[in-house]
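Visitor: This is the structure alone, sequence omitted:
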């Protein structure tokens, strides 16, 4: 009996406070006479009227803040700033709202470990405020920090809610697959969670049905219409079971009716996309009945938009225009990012309708509104700005593991790229060298043929016009004797320098040098090197035994004291080094 009297007393107090706030809001702002209210009464009045009349509630929240600061109670100060944040949010003063949320977070900064749930709530409110003002990067930042806090303090009762908010952002930037993945995670969590441990998941399945609706919506946006239909029908079935419950509390009943309106709207959209236009309109009619009977309007604009689309497909253009304009009027009033895509759809709907009616003036008018709105809100840079934010604000565990994996992956990728590049470069160089060697060998074979023919002719020619100050007879003698020395391979004897050769020929070094320069076209050293290499080329070609010798042995055999000097000379005069020449000979002979 006493408990019943207390309930009646509390109900009367709430009615009085609501009436007082609504009727005397202006007077309160002028006089601020709150002495008759206890702090507890102030809080109750704010909680129960903040969403109905935010402006009238503001003086009460200001008074509550004064008392909270005076009491120096951390939690009461947090509540006051949180109330003021919510009031300004409802008044669409989003910048002020976020400033109050920041002050509320600051009030709790030394007590995060005591009030982590409150911090998550504030971050969630900030995230919604940023999303409504189309600041999706800041919104994602807030929700991600909230998710980090949830995981840190294991606050599973808020996990579904925050993950749904992140999924909503993913949907708004058209990342429907990631949104679907997040909703599926929520469904798994809800199915395995005991209702007593999860405040939002009760025997009336509010969170469960909402999650099924979200999954159906994500599938619908991905054009997986069969899957979308399965999840939506399952949600409708469970929703109806609950609404058929005889002892359903009014608050729960209201929530379930609202869910049913959203589910019927979604079913109508699925039917429209499946080209079942009459069936689609029936679902929208059922949703409209809920809207009219319970004054619930959260799904009415989407109904109007898709009614318009249905009538466009049915070629009833005037009716389509009527519903399209209703949708536009509503969406333009909603300063929310989540309304933007539907607003763009509505502009296109009207543009297409007027085009069908050959009213190109209005068609161009709405198309221009579509284009301007698209460029204003859906700038590709804004849509994809989450790439960097997402990487930065993943959960702490994921960030650490991702960094390690990213480093490993990066180094492995770098090593793979370097290895592949090295192999390709090596292969390219090998093929290029092989091609060059082949060409050089072919050229060399022609040269060797010429050497062999000259050797057979064995003629000494002095026909070249001489500008030497040496008589022709002396020149002929020198050339004749050099030819005989060449036939005897004198150049293989390292003792034959310019002086020894001149003495052997029977002339002086000046005459010999002049004759070699003029008739051979090179100095004495080059002349000797060329004779040695030409001899080596012919010998290696004609005698396979020499091709089995080591390069060092060949160097000595062909008149060189050093392997390096022999190799350099061979390369210079033939274009190949000795081993390459031998390899080509072995292949071709």
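Guide: Cool, the structure landed. Note that the coordinates shown come from a computational prediction; the quantities given were computed from them, not determined experimentally. Numbering: from 1, shown residues only.
Visitor: Look up which helix or strand residue 151 falls in, please.
Guide: If you go by DSSP states H and E, residue 151 is part of helix 136-153.
Visitor: gap between that helix and the chain center?
Guide: Computed by CA atoms, centre = their mean, to the nearest Å, the separation of helix 136-153 from the middle of its chain amounts to 20 Å.
Visitor: Tell me which residues of that helix come out buried.
Guide: For helix 136-153, a neighbour-count test (16 or more other CB atoms under 10 Å) marks 136, 138-151, 153 as buried. The way it works is simple: take the backbone N, C-alpha and C, and place the C-beta from them, glycine included.
Visitor: contacting residues for the residue located most distally from the centre of the chain?
Guide: Outermost residue of the chain with respect to the C-alpha centroid, by CA atoms, centre = their mean, is residue 473; its distance is 88.4 Å. Applying CB atoms under 8 Å, 6 or more residues apart in numbering, we find residue 473 in contact with no residue.
Visitor: Could you do residue 317 as well?
Guide: 311, 353, 356, 357.
Visitor: pLDDT weak spots in the stretch 251-400 of the chain?
Guide: 296-298, 334-339, 377-400 (pLDDT under 70).
Visitor: re earlier: check which element follows the helix or strand harbouring the residue farthest from the centre of the chain along the chain.
Guide: Using DSSP H and E, residue 473 sits within helix 472-487. Counting by DSSP H and E, the element after helix 472-487 in chain order, helix or strand, is helix 498-505.
Visitor: Centre of the chain to the next helix-or-strand element following that following helix, how far?
Guide: Per DSSP H and E, the first helix or strand lying C-terminal to helix 498-505 is helix 509-515. Centre-to-centre, helix 509-515 and its host chain are 78 Å apart (CA atoms, centre = their mean).
Visitor: Please apply the same query to stretch 66-84.
Guide: On CA atoms, centre = their mean, the centre of stretch 66-84 falls 43 Å from that of its chain.
Visitor: what is the rounded mean pLDDT of the helix holding residue 151?
Guide: For helix 136-153, mean pLDDT rounds to 89.
Visitor: ok, now stretch 101-115?
Guide: Averaging pLDDT along stretch 101-115 gives 88.
Visitor: got it, and stretch 190-199?
Guide: The model assigns stretch 190-199 a mean pLDDT of 66.
Visitor: Distance-wise, check residue 62 relative to residue 434.
Guide: 88 Å (CB to CB, to the nearest Å).
Visitor: the helices in the stretch 201-350 of the chain, which residues?
Guide: 206-221, 225-243, 250-273, 277-294, 300-313, 317-333, 340-356 (DSSP state H, counting those that start in this stretch).
Visitor: mind checking which of these is nearest residue 93?
Guide: helix 317-333 (16.7 Å; CB to CB).
Visitor: What's the first helix or strand after the host helix or strand of residue 568?
Guide: Per DSSP H and E: residue 568 is located in helix 563-574. Counting by DSSP H and E, the next helix or strand C-terminal to helix 563-574 is helix 578-588.
Visitor: most neighbours, which of the contacts of residue 317?
Guide: The most crowded member of those, judged by other CB atoms under 10 Å, is residue 353 (28 neighbours).
Visitor: contacting residues around residue 221?
Guide: 171, 176.
Visitor: if I look at it, how far off is residue 345?
Guide: 12 Å.
Visitor: now do residue 153
Guide: 41 Å.
Visitor: what does residue 480 give?
Guide: 104 Å.
Visitor: Looking at these two, which is more packed in?
Guide: residue 345 (19 against 13).
Visitor: What pLDDT does the model give residue 121?
Guide: 91.
Visitor: and the host helix or strand of it with helix 136-153, angle?
Guide: Taking DSSP H and E as the criterion, residue 121 maps to helix 116-132. If you take axes from the mean of the first three to the mean of the last three CA atoms, to 10 degrees, helix 116-132 sits at 170 degrees to helix 136-153.
Visitor: For the closest residue to residue 486 other than its chain neighbours, give me the pLDDT.
Guide: The shortest distance from residue 486 to any non-neighbouring residue, by CB to CB, 6 or more residues apart in numbering, is to residue 531 (6.3 Å). In this model, residue 531 is scored at 91, pLDDT.
Visitor: What of the one 10 residues further on?
Guide: The predicted local distance difference test score for residue 541 is 86.
Visitor: Number of residues surrounding it?
Guide: Using other CB under 10 Å, residue 541 is surrounded by 20 other residues.
Visitor: which SS state does it fall under?
Guide: At residue 541 the chain is in helix, as set by DSSP: H, G, I helix; E, B strand; the rest coil.
Visitor: wait, it sits on residue 585?
Guide: Yes: between residue 541 and residue 585 there is a contact under CB atoms under 8 Å: 6.1 Å.
Visitor: For stretch 484-492, what is the distance to the chain centroid?
Guide: Distance, centroid of stretch 484-492 to centroid of chain: 76 Å (CA atoms, centre = their mean).
Visitor: List the buried residues of it.
Guide: Applying 16+ other CB under 10 Å to stretch 484-492 flags 485, 486, 490, 491, 492 as buried.
Visitor: so who does the first one touch?
Guide: With CB under 8 Å, 6+ apart as the criterion, the residues that contact residue 485 are 491, 501, 504, 505.
Visitor: got it, and the fourth one?
Guide: Neighbouring residues of residue 491 by CB under 8 Å, 6+ apart: 485, 528, 531, 532, 535, 559.
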